[in-house]
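1. need a structure here:
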Amino acid sequence: MKRVRKAVIPVAGLGTRFLPATKAMPKEMLTVVDRPVVQYAVDEAREAGIDHIVFVTGRNKHVIEDYFDVQPELIATLSRAGKTGELATLDLIQPPAGMMSFTRQQAPLGLGHAVWCARDIVGDEPFAVLLPDMVSFGERGCLAGAVELYDQTGGNVIAVEQCDPLETARYGIVGRGNAAGHGFAITGMVEKPNPAAAPSNYYINGRYVLQPEIFGILGRQERGAGNEIQLTDAMQQLLEDQDFFASPFEGRMFDCGSREGFIQANLAFALARDDIRDLVFEPISEMISLQKRRCAA
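-> Next up, the predicted model:
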């Protein structure tokens, strides 16, 4: 069984839900506290033991590639100013040379197509997929648990969380089978089922470990919902021939592709940091109290 060494991070989306902010800035570069959203995905991948990251980009996303490059002028300026803390932070997030590749998705044909665009770089080995809009918050990253389960079970692994059983129509839901490691076997996948027909309340949260056979399926996949090539459709087909397992995430995933999720992530990460928690907690508490008084008036 091959180790999961590579991860695909699709970053070609336009980010229309964040206009006008994303008119000139990639949505993946919007910051949660003081780090771009995409940095959290990279940190999570590295924590899970990933050696190589493949970014699937689009036009006007060159700033992401620049962000992960070395900036000699900035380093020199910080060195002259004696800003050792800032230099240490930059050194901590700097990926090793050759760790990252960038390939283009020339047309917005969906997540499945974006993953397929990385096929030649990934090659014939299992790989991870991280949706950067989904930011992992917990004692350890979501992907680490998924890779850990893969090491025990092989096959394919999808990270999941539990939702309110009455809200299954908002998510892709998996069917729950026999226990496997800290997770369970997946018996099926249903996109946005009505609560009465949902096979469980475990929803797919944007982290995957997939076998390379998915590329062949994606290459001949017909367009599905939204007239796009859907990754879920390809996984459902692969499920007929290969095992799939679910890795429940014990933390929380914030959907930073939505305005409310982005704001919630900023609050959660700010309140979790010792250096700024006290600076933001009291103002937030005061604003909440004021809003409650206004609503009660």
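
2. can you give me the helices in this structure?
-> Secondary structure of the chain (DSSP state H): helices at 37-47, 62-67, 72-80, 84-93, 111-116, 119-122, 142-153, 213-219, 231-238, 259-271, 277-296.

3. how far does the second one sit from the chain's center?
-> Centre-to-centre, helix 62-67 and its host chain are 18 Å apart (C-alpha atoms, centre = their mean, to the nearest Å).

4. show me which residues of that helix are buried.
-> 64, 67 (16 or more other C-beta atoms under 10 Å). Every residue, glycine included, has its C-beta placed from N, CA and C.

5. what lies in contact with that helix?
-> Outside helix 62-67, the residues within contact range by C-beta atoms under 8 Å, 6 or more residues apart in numbering are 11, 25-26, 28-29, 36, 38-39, 55, 57, 100, 102.

6. one more pass at 10 Å, please.
-> Residues from elsewhere that reach helix 62-67, judged by C-beta atoms under 10 Å, 6 or more residues apart in numbering: 9, 11, 24-26, 28-29, 36, 38-39, 42, 55, 57, 93, 100, 102, 132.

7. low-confidence stretches in the protein?
-> Scanning the chain for pLDDT under 70 picks out the ranges 224-227.

8. coming back round to it: pull out the buried residues from the contacts of helix 62-67.
-> Listed as buried from these are 9, 11, 26, 28-29, 36, 38-39, 42, 55, 57, 100, 102, 132; burial here means 16+ other C-beta under 10 Å.

9. got those residues as TSV, with distance to Gly188 columns?
-> Below are the buried ones among the contacts of helix 62-67 laid out as TSV (distance: C-beta to C-beta, whole Å):
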residue	distance to Gly188
Ile9	27
Val11	30
Pro26	35
Glu28	32
Met29	37
Pro36	36
Val38	32
Gln39	35
Val42	32
Phe55	31
Thr57	33
Met100	35
Phe102	35
Pro132	27
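
10. among the residues you listed, which ones are in strands?
-> Residues from those lying in strands, with DSSP state E as the criterion: 9, 36, 55, 57, 100, 102.

11. if we ignore the residues flanking it in sequence, what's nearest the last one?
-> Leaving aside its chain neighbours, Phe102 sits nearest to Phe55 (4.9 Å; criterion: C-beta to C-beta, 6 or more residues apart in numbering).

12. do the second one as well
-> Take Pro36 and drop its neighbours on the chain: the residue closest to it by C-beta to C-beta, 6+ apart is Met29, 4.6 Å away.

13. which ones are touching the one you found?
-> With C-beta under 10 Å, 6+ apart, Met29 has these contacts: 11, 15, 21-22, 36-39, 61, 63-64, 67.

14. make it 7 Å
-> With contact taken as C-beta atoms under 7 Å, 6 or more residues apart in numbering, Met29 is in contact with 36, 38, 63-64, 67.

15. also Arg277?
-> So Arg277 contacts Leu271 (C-beta under 7 Å, 6+ apart).

16. if we can go back for a sec, closest one of the ones in strands among the buried ones among the contacts of helix 62-67 to Ala265?
-> Closest to Ala265 out of those is Pro36 (12.2 Å), distances taken as C-beta to C-beta.

17. the residue sitting nearest the centre point of the chain: what's it in contact with?
-> Residue closest to the mean C-alpha point of the chain, counted by C-alpha atoms, centre = their mean, is Leu131 at 3.0 Å. Counting by C-beta under 7 Å, 6+ apart, Leu131 touches 10, 206.

18. Val11 is in contact with Ile53, correct?
-> No. Between Ile53 and Val11 there is no contact under C-beta atoms under 7 Å: 10.7 Å.

19. reformat the ones in strands among the buried ones among the contacts of helix 62-67 as JSON lines; add distance to Arg220.
-> Shown next, in JSON lines, are those (distance: C-beta to C-beta, whole Å):
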{"residue": "Ile9", "distance to Arg220": "24"}
{"residue": "Pro36", "distance to Arg220": "35"}
{"residue": "Phe55", "distance to Arg220": "25"}
{"residue": "Thr57", "distance to Arg220": "24"}
{"residue": "Met100", "distance to Arg220": "29"}
{"residue": "Phe102", "distance to Arg220": "26"}
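
20. state the pair within these that is farthest apart.
-> Largest pairwise distance in those, by C-beta to C-beta, is 15.7 Å, between Pro36 and Phe102.

21. ok, the closest residue to Tyr202 other than its chain neighbours - how many residues close by?
-> For Tyr202, ignoring the flanking residues on the chain, the nearest one in space by C-beta to C-beta, 6+ apart is Val160 at 4.2 Å. Using other C-beta atoms under 10 Å, Val160 has 29 other residues around it.
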